[in-house]
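[1] this one's sequence-less:
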């Protein structure tokens, strides 16, 4: 069975508030803090685990996980590409520790680091 990881990011601060549960609610209540205050300190984490999928022929199967790299698209400009790239690399390392043999980059995670080249 092959294992994969797919790296995504929060598309906006509103999305973060909806997905982050109590932390998102807290960030909404503490409106005087910058919108990205909590995201700055978050580490990459598993957003979704995908159970084993088997091909129609039954000859191959795969499983994986979607890893959240905690940043917003505008962080490429405000934080700089190197800092965003560190978040993406952290997410890729987590995927590897979880057994991923291949990692895909989604959204702006694919832009940081020269589209995965660095």
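    Structure received. Just so it is clear, the structure is predicted and the values come from calculations on it, not from any experiment. Numbers count the residues shown, from 1 in each chain.
[2] need the contact list for residue 101.
    Going by CB atoms under 8 Å, 6 or more residues apart in numbering, residue 101 touches 2-4. Glycine gets a C-beta too; all of them are placed from N, C-alpha and C.
[3] Please repeat the previous calculation with a cut-off of 6 Å.
    Residue 101 makes contact with 2-3, according to CB atoms under 6 Å, 6 or more residues apart in numbering.
[4] Do you know the pLDDT at it?
    What the model reports for residue 101 is a pLDDT of 97.
[5] Same check on the one 3 residues further on?
    Predicted confidence (pLDDT) at residue 104: the value is 95.
[6] Report the beta-bridge partner residues of it.
    Under DSSP bridges, the beta-bridge partners of residue 104 are residue 6.
[7] The residue positioned nearest the centre of the chain pairs with what?
    Among the residues of the chain, the smallest C-alpha distance to the mean C-alpha position (CA atoms, centre = their mean) belongs to residue 68, namely 2.1 Å. Beta bridges link residue 68 to residue 8, residue 45 when assigned by DSSP bridges.
[8] and the longest helix for this protein?
    Here the longest helix in the chain is taken by residue count, with DSSP state H as the criterion, and it is helix 81-97.
[9] how much distance is there from stretch 55-75 to the middle of the chain?
    Taking the mean of its C-alpha atoms, stretch 55-75 sits 10 Å from the chain's own mean (CA atoms, centre = their mean, to the nearest Å).
[10] Going forward, count from 618.
    Done: numbering now begins at 618, and the last item shifts to stretch 672-692.
[11] From residue 651, how far off is residue 714?
    Per CB to CB, to the nearest Å, residue 714 is found 30 Å from residue 651.
[12] Does the residue lying closest to residue 670 once chain neighbours are set aside lie in a helix or a strand, and which?
    Nearest in space to residue 670, with sequence neighbours left out and distances taken as CB to CB, 6 or more residues apart in numbering, is residue 679 at 5.5 Å. Residue 679 is part of strand 678-686, with elements assigned from DSSP states H and E.
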